[in-house]
Each structure stands twice: as structure tokens, then as C-alpha cells.
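S.K.: how would this look folded up:
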Amino acid sequence: MKKVLLILVPLLVVSLLAAIDFEFDGENRTRGALYNSANEKDGSHIDNRTLLGINALYRPNLSMRATLQFGDVVWGGSGGSIPASVPINAYELYLNYRFRNTNFRIGQQYWKDNMSLILDDTFSGIMVSNDNLAGFKTEVGWIKALEKNRFDSDDYNYLLLNMQKRATIPWGLYASLGWDADYVNTNKDYTHITLMPYLSYDSGALTCNANVFMGLHFVEDADTEVGIGAAVKADANVGPVVVSGDVLFATENGIAVLSPYYQNGLYIYGININNDALNLYWNNPYSWNNDTMLSLVGKVKGDITRNVSAFGAAGIVIDNGFEINGGVEFKLIPNVLSLTGYAALGIGTDDGPTNYAIGTTLKMNLKD
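M.R.: Numbers count the residues shown, from 1 in each chain. You can find the predicted model right below:
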């Protein structure tokens with residue numbers, strides 16, 4: 001790691017000095033939580049990290065971006081003990097070139113689908129986007145998902161196509177083809193195809209996003225498997241509060257995913273933006289699932305004062321459990337510094353375990 005930093009840091013400095021203009025963004029986050037495990041054993045931890053993104057503009061149509069993460073360590077754990085020695089990782093390192101209305105992005109970059117069902121993460125690859133291809137905003141990407149033995153044909157490659165139509169109700173289509181030449185070290189080919197049409201609606205008072213997806217799974221010397229499903233997220237302004245609903249459904253087998261980050265608003269039976277490390281049972285249950293899955297969540301959020309808001313949610317994930325949660329967010333410095341406190345209680349189905357989580361998250365947004 002030290003050798004990598006010795007090479008990386010001077011390159012970044014030289015790049016910034018050579019750039020015509022540059023800007024930065026990022027986030028500092030510290031969070032602490034009390035909780036119990038799936039075996040109802042009590043635990044707790046505090047962790048923190050800082051993200052720093054740098055955009056360097058060399059020409060009007062040529063730029064570079066680097067995003068570094070400092071930390072993401074547990075206090076008292078590896079990197080966070082005495083002496084503290086937090087790790088530094090680079091998550092984005094890409095070149096961006098624009099030719100007319102087409103954009104080329106090469107390197108480690110961030111991308112997400114409209115609901116983060118399949119991908120919401122950084123990857124190594126190439127993304128080509130066009131602002132208006134036959135009336136569609138179009139993205140075509142190649143992702144090097146996994147490099148295995150460099151001297152064998154056993155890698156995992158992924159191609160994606162995302163087309164969005166600008167309209168009163170925007171709609172689009174996500175399609176992907178992935179092939180793994182050595183599926184989970186079995187020497188068998190695995191090819192999967194995903195089709196996911198989607199639409200969005202925003203009237204100000206009502207916002208709705210809906211997806212329908214289908215996955216085809218082809219494993220060498222095995223029967224072809226098919227999975228289908230749907231996801232809907234809706235927000236409605238009802239007087240002083242916003243009422244939201246989240247529905248996710250998938251039949252057996254579902255779809256193939258790369259690195260999703262679907263947030264249903266739960267902490268124990270899902271992923272919640274306030275602390276995504278507390279999830280106990282959400283393991284992308286709509287991907288290669290053995291049974292039909294269904295997640296139903298209702299949420300509400302409203303302002304108490306101009307800089308204080310309260311929120312809550314209740315939901316169920318079939319065959320897992322029921323959860324109710326709530327909390328308060330304080331905007332200490334609006335748009336810059338916020339403090340969120342929350343609590344969640346989960347009750348497992350079929351006499352499953354009872355789980356809890358209580359915590360706080362402090363965030364500071366960095367913007368040039």
C-alpha cells in the first residue's frame with residue numbers, strides 16, 4: 001500500500017498542477033450503534049471514514065477524476081487502534097473525454113441503475129454515453145467484473161445497455177449480458193441476461209419509480225432458469241409530511257446482480273442509508289433466491305422545525321420478519337453538517353430472533 005501511495009499521490013499532485021481548473025467534493029461520516037446479532041448476542045461499534053473526490057479539467061472536453069477513501073475503520077480495530085493508521089483506498093480513477101454529444105469514460109468509475117437493484121458501486125471498465133441517440137439518452141458499458149487467472153479464459157465480463165426516453169413520464173430500458181467462464185470455480189460457463197424496463201413520474205406532490213425485471217440464467221450442463229419481479233417506490237406530499245411506499249417482489253431465481261445497494265428503509269431486514277452496516281438478513285433476496293420473495297415497507301417523514309425532522313418506517317420481508325423503526329435528523333449546518341439518531345426493532349417470523357438497533361450518524365458534506 002505504501003508503494004502504491006508513493007506513486008499515486010505525486011501523480012495526483014502533478015495532474016492538479018497541470019489542470020486548467022479543478023474542484024473537490026466528498027463526505028466525512030462518523031457513526032456508532034448498539035445492536036444484537038442473529039443469535040441475539042449484544043454488540044456495538046463506532047466507525048468513521050472520509051471520502052474525497054477531485055475533478056481536474058485539462059481541456060473543455062477532457063478531464064480526470066479521482067476519489068479517495070480515508071479510513072472506514074472500526075474504532076479500536078484494525079487501523080483504528082493505537083497507533084491509529086487508517087487505510088487509504090482509491091475508488092475512482094478515470095479519464096473522461098467528450099466528442100460532440102458522446103462521452104467516453106475509461107477506468108475505475110461509479111455507476112448505478114435507477115433503483116440500485118443490480119449495480120450501485122464503482123467498477124473497472126469503459127462507459128460510452130450519448131445525449132440523444134434516436135431520442136434516447138443512451139449508455140453502453142463494459143465491466144471487467146472479475147479477473148481470475150490471467151493465462152486462462154476464466155474471467156467474468158459484463159455488458160450493459162441503458163436507454164432512457166425524455167418524456168412527460170420518462171421511461172427506459174436496462175439490458176445486460178454477463179458471462180463467467182469459470183462459475184464459482186466449477187469450470188462451467190455461466191451466462192445471464194437481464195431485461196429491466198422502468199418508468200418515472202414526478203408531479204411535485206407525487207413521485208413514483210417503477211421497474212419490471214426478468215432474468216435468464218444459463219449454467220453449463222444445467223437447466224435454464226428464469227426469474228421475474230418488480231419494484232415500486234412512491235412518495236406523496238400529504239400536508240406537512242411525506243408518505244412513502246416501497247414494494248419489491250421476485251419469483252424464484254430472480255436476477256443476477258453485480259454490487260447492488262437497494263434501500264427499502266429498514267435497518268435489520270434491509271439497507272438504510274443512515275447505517276448500512278446493521279443489516280442482518282438482507283442478502284439481495286431477489287437474486288438467485290430459492291423461493292418467491294416480497295418486501296413491503298411504508299415510511300413517513302415530516303419537519304418538526306426548519307432544521308429538525310422526524311421519520312419512521314414499518315415493513316415486512318416475507319419469511320424473514322417484521323420491523324418498525326424511527327428517528328430524528330438535526331441539520332446542524334443546513335446542507336453541510338447533520339446528526340441523525342434512530343432506533344429499530346425487528347421480530348423474526350416463525351418464532352425467529354428479536355433484534356434491535358440504536359445509533360447515531362454524523363455527516364459532513366464537502367463541496368468546493
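
S.K.: Can you spell out which helices and strands pack onto the lengthiest strand in the chain?
M.R.: In the chain, with assignment by DSSP state E, the single longest strand is strand 42-59. Applying 3 or more CB pairs under 8 Å, 6 or more residues apart in numbering; DSSP states H and E, we find strand 42-59 packed against helix 2-18, strand 21-36, strand 62-74. In this view, the C-beta of every residue, glycine as well, is placed from N, C-alpha and C.

S.K.: Let's see that with 10 Å instead.
M.R.: If contacts are counted by 3 or more CB pairs under 10 Å, 6 or more residues apart in numbering; DSSP states H and E, strand 42-59 sits against helix 2-18, strand 21-36, strand 62-74, strand 88-99, strand 354-367.

S.K.: Can you report how many residues neighbour Leu278?
M.R.: 23 (other CB atoms under 10 Å).

S.K.: cool, Trp288 as well?
M.R.: Residue crowding around Trp288 was assessed by other CB under 10 Å; the count is 17.

S.K.: ditto for Ala167
M.R.: Applying other CB under 10 Å, I find that Ala167 has 11 neighbouring residues.

S.K.: do the same with Gly77
M.R.: Neighbours of Gly77 (other CB under 10 Å): 11.

S.K.: returning to what we had before: return the most buried member of the helices and strands packed on strand 42-59.
M.R.: When the helices and strands packed on strand 42-59 are scored by mean count of other CB atoms under 10 Å, the highest mean neighbour count falls to strand 62-74 (a mean of 19).

S.K.: Pairing partners for that strand, with directions?
M.R.: strand 42-59 (antiparallel), strand 88-99 (antiparallel) (DSSP bridges).

S.K.: rewinding a little: with distance to Gly298 added, can I get the helices and strands packed on strand 42-59 in JSON lines?
M.R.: Below are these laid out as JSON lines (distance: least, CB to CB, whole Å):
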{"stretch": "helix 2-18", "distance to Gly298": "46"}
{"stretch": "strand 21-36", "distance to Gly298": "23"}
{"stretch": "strand 62-74", "distance to Gly298": "32"}
{"stretch": "strand 88-99", "distance to Gly298": "34"}
{"stretch": "strand 354-367", "distance to Gly298": "19"}
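
S.K.: Which of the ones you listed has the lowest mean pLDDT?
M.R.: Taking the average pLDDT of each of these, the minimum falls on helix 2-18, with a mean of 56.

S.K.: can you list the strands paired with strand 62-74 in TSV and add distance to Val140?
M.R.: Rendered in TSV, the data for these read as follows (distance: least, CB to CB, whole Å):
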stretch	distance to Val140
strand 42-59	23
strand 88-99	15
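
S.K.: what's the closest of those to Asn279?
M.R.: Distances from Asn279 to each of the strands paired with strand 62-74 were compared using CB to CB; the shortest belongs to strand 42-59, at 13.9 Å.

S.K.: how about the closest one: buried residues?
M.R.: Across strand 42-59, burial judged by 16 or more other CB atoms under 10 Å covers 45-56, 58.

S.K.: export these to CSV and tack on pLDDT and distance to Thr340?
M.R.: Supplementary listing: the buried residues of strand 42-59 in CSV, determined by pLDDT from 0 to 100; distance: CB to CB, whole Å:
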residue, pLDDT, distance to Thr340
His45, 97, 17
Ile46, 97, 15
Asp47, 97, 15
Asn48, 97, 15
Arg49, 97, 16
Thr50, 97, 18
Leu51, 97, 18
Leu52, 96, 22
Gly53, 96, 22
Ile54, 94, 27
Asn55, 94, 28
Ala56, 93, 33
Tyr58, 90, 39
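
S.K.: out of these, which one sits closest to Val232?
M.R.: Nearest to Val232 among these: Leu51, at 30.5 Å, using CB to CB.

S.K.: residue contacts, the closest one?
M.R.: Contacts here follow CB atoms under 10 Å, 6 or more residues apart in numbering; on that basis Leu51 touches 25-29, 67-72, 91-92, 366.

S.K.: and Ile304, what element?
M.R.: Following DSSP states H and E, the helix or strand that holds Ile304 is strand 293-305.

S.K.: and of the strands paired with strand 62-74, who's closest to Ala343?
M.R.: It is, among the strands paired with strand 62-74 and with distance given as CB to CB, strand 42-59, at 13.8 Å.

S.K.: gap between that closest one and the chain center?
M.R.: Put simply, strand 42-59 sits 15 Å off its chain's centre (CA atoms, centre = their mean, to the nearest Å).
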